[in-house]
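Participant: Kindly generate the corresponding structure for this input.
(one chain, ligands or ions: 1)
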Amino acid sequence: MGDAIKVDTLQKFLFEAAPVRGELVEISAAWQQVLARRAYPHAVKTILGEMMAAAALLSANLKFDGVIVMQIHGDGPVRLLVVECDSELQLRATAKMKDDAIIESDATLGQLVNQHGHGRFVITLDPKDKMPGQQPYQGIVPLDGDNVATVIENYMLRSEQLDTKLWLAADATVSRGMLLQRLPQEGGHAVAPAAAKDATAAIETLDAADAGDAWDRALALGATLGQEELLTTDIATLLHRLFWEETIRVFDARYPTFHCSCTREKVGGMLKMLGREEVEDALKDLDSLEIDCDFCGQHYEFDKVDCAQLFATEEPVETLQSPSKLRH
Ligand SMILES: [Zn+2]
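Facilitator: Prediction:
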């Protein structure tokens, strides 16, 4: 690669002769942007980084135009982990710890977020262009698994009925992951992605038993990939090292980036959701409300006039009746 600037990359691939697809991702620059904004304990970094790779893998895998929000609600020292990824592979992430949390560097997922068995894994699919009244799709599952990969595999099996295997690894430098998925079968035949015209013929000649064998073989190859190897090896090397015996079709690379979607309008919307009473109450002893974005640190300030305007625009009739509230 010489002096080429290394960019975050997501690589999709397909087994030419088997109904199995895969993805590899490496996120370094975007991950650094997340870490630059807050200091996380080592164990939290690992899990948030793994979620980051997983969110990019799922986002590229599900044919869905919108934002995937991946959350872990914890009942231990870590209260919340959130990673969001949109269809353009723009990512943001944050974690919230309990104020007095003491977190060992080798703490497990269970110790961090599932101490009393009340931890929850939540995936929300929020479509880009929602119909009026349309709610985002949300799946909530218990944290059944020792690591992020297992939790997501269980979720995918339950909600999408797809055999999916994930390998995830993260440290302070990079977040990497691999996904293998058995393509959905219809009447014993695999449904190949439209882009893989040449592979379709080969796949259609496979019966269900062959397809199962191919999936098992792909899994066996994937199983040779260790955590440390995943963490320290670039995508091209991994693809070759793991699947050199297979005929693999590699698609155009995609490039994940860090991007925060926060805006003043959205923060205003959040204040509106709190309700006029609560906002006015909070403003009693303050000149203005100050809100920092949890994801990017952007600072927002709403003074009394700003807040009055928030509620004025929502209830124009009332504003006409009580214009004094708008003056200051
Ligand atoms: Zn932000």
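
Participant: Phi first, then psi, for residue 162.
Facilitator: Residue 162 adopts backbone torsions of phi -120, psi 130, taken as degrees, to the nearest 10.

Participant: going forward can the numbers begin at 54, since that is how I track them
Facilitator: Fine by me, first position is 54 from now on; the one you just mentioned is residue 215.

Participant: where does this protein come near the ion, residue by residue?
Facilitator: Taking Cβ under 5 Å from the ion as the measure of proximity, the chain contacts the ion at 313, 315, 346, 348, 349, 351. For glycine as for every other residue, the C-beta is placed from the backbone atoms N, C-alpha and C.

Participant: So which of those residues sit within strands?
Facilitator: Of these, none are assigned to strands by DSSP state E.

Participant: Max pairwise distance over these: which two?
Facilitator: 348 and 351 (8.4 Å; Cβ to Cβ).

Participant: Run a quick neighbour tally on residue 143.
Facilitator: 18 (other Cβ atoms under 10 Å).

Participant: ok, now which ones touch it?
Facilitator: Contacts for residue 143 (Cβ atoms under 8 Å, 6 or more residues apart in numbering) come out as 309, 310, 311, 312, 314.

Participant: Can you select the buried ones from those residues in PyMOL?
Facilitator: In PyMOL syntax, the buried subset of the contacts of residue 143 is picked out as below (16 or more other Cβ atoms under 10 Å):
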select buried, resi 309+311+312
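
Participant: now the contacts of residue 143 as TSV including pLDDT?
Facilitator: Listed next are the contacts of residue 143 as TSV, based on pLDDT from 0 to 100:
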residue	pLDDT
309	97
310	97
311	97
312	97
314	93
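
Participant: re the thing from before, filter the residues of the chain next to the ion down to the buried ones.
Facilitator: With neighbours counted by 16+ other Cβ under 10 Å, the residues of the chain next to the ion contain buried members at 313, 315, 346, 348, 349.

Participant: Tell me which of the residues you listed fall in helices.
Facilitator: Nothing among those maps onto helices, per DSSP state H.

Participant: Tell me the one of these nearest residue 164?
Facilitator: residue 348 (25.1 Å).

Participant: Contact partners for the residue lying closest to the closest one once chain neighbours are set aside?
Facilitator: Using Cβ to Cβ, 6 or more residues apart in numbering and skipping residues adjacent in sequence, the residue nearest residue 348 is residue 145, 4.2 Å away. Going by Cβ under 8 Å, 6+ apart, residue 145 touches 87, 136, 137, 311, 312, 313, 314, 348, 349.

Participant: which residues does the fourth one contact?
Facilitator: The contact partners of residue 311, taken as Cβ under 8 Å, 6+ apart, are 82, 83, 86, 87, 143, 144, 145.

Participant: ok, now the first one?
Facilitator: Shown here is residue 87, whose contacts under the criterion Cβ under 8 Å, 6+ apart are 101, 105, 144, 145, 146, 147, 311.

Participant: how far away is residue 80 from residue 116?
Facilitator: Noted for residue 80: a distance of 21 Å to residue 116, by Cβ to Cβ, to the nearest Å.

Participant: which of the two has more neighbours?
Facilitator: residue 80 (29 against 7).

Participant: contacting residues for that one?
Facilitator: Counting by Cβ under 8 Å, 6+ apart, residue 80 makes contact with 61, 105, 106, 109, 144, 227, 228, 229, 309.

Participant: try it again with 10 Å
Facilitator: 60-63, 86-87, 102, 105-106, 108-109, 142, 144, 223, 227-230, 308-311 (Cβ atoms under 10 Å, 6 or more residues apart in numbering).

Participant: Return the set of residues that bridge with it.
Facilitator: Note on residue 80: beta-bridge partners by DSSP bridges are residue 228.

Participant: quick one: it and residue 307, what's the gap?
Facilitator: Residue 80 is 12 Å from residue 307, by Cβ to Cβ.

Participant: Mutual contacts of the two, please.
Facilitator: Taking Cβ under 10 Å, 6+ apart as the criterion, residue 80 and residue 307 both touch 61, 62, 63, 109, 142.

Participant: Export those to JSON lines and append columns for distance to residue 193.
Facilitator: Shown next, in JSON lines, are the shared contacts of residue 80 and residue 307 (distance: Cβ to Cβ, whole Å):
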{"residue": "61", "distance to residue 193": "29"}
{"residue": "62", "distance to residue 193": "31"}
{"residue": "63", "distance to residue 193": "26"}
{"residue": "109", "distance to residue 193": "22"}
{"residue": "142", "distance to residue 193": "25"}
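
Participant: Retrieve the pLDDT associated with residue 253.
Facilitator: On the pLDDT scale, residue 253 is placed at 45.

Participant: Where is the longest helix in this structure?
Facilitator: Looking across the chain with DSSP H, the single longest helix is helix 95-114.

Participant: Need the residue closest to the centroid of this structure.
Facilitator: residue 108 (2.7 Å; Cα atoms, centre = their mean).

Participant: pretty sure it contacts residue 138?
Facilitator: Yes. Between residue 108 and residue 138 there is a contact at 4.0 Å, judged by Cβ atoms under 10 Å.

Participant: anything in contact with each of those two?
Facilitator: 120, 121, 122, 123, 144, 145, 146, 309.

Participant: which residues of the stretch 154-303 of the chain score low on pLDDT?
Facilitator: Scanning the stretch 154-303 of the chain with the threshold set as pLDDT under 70 gives 238-262, 264.
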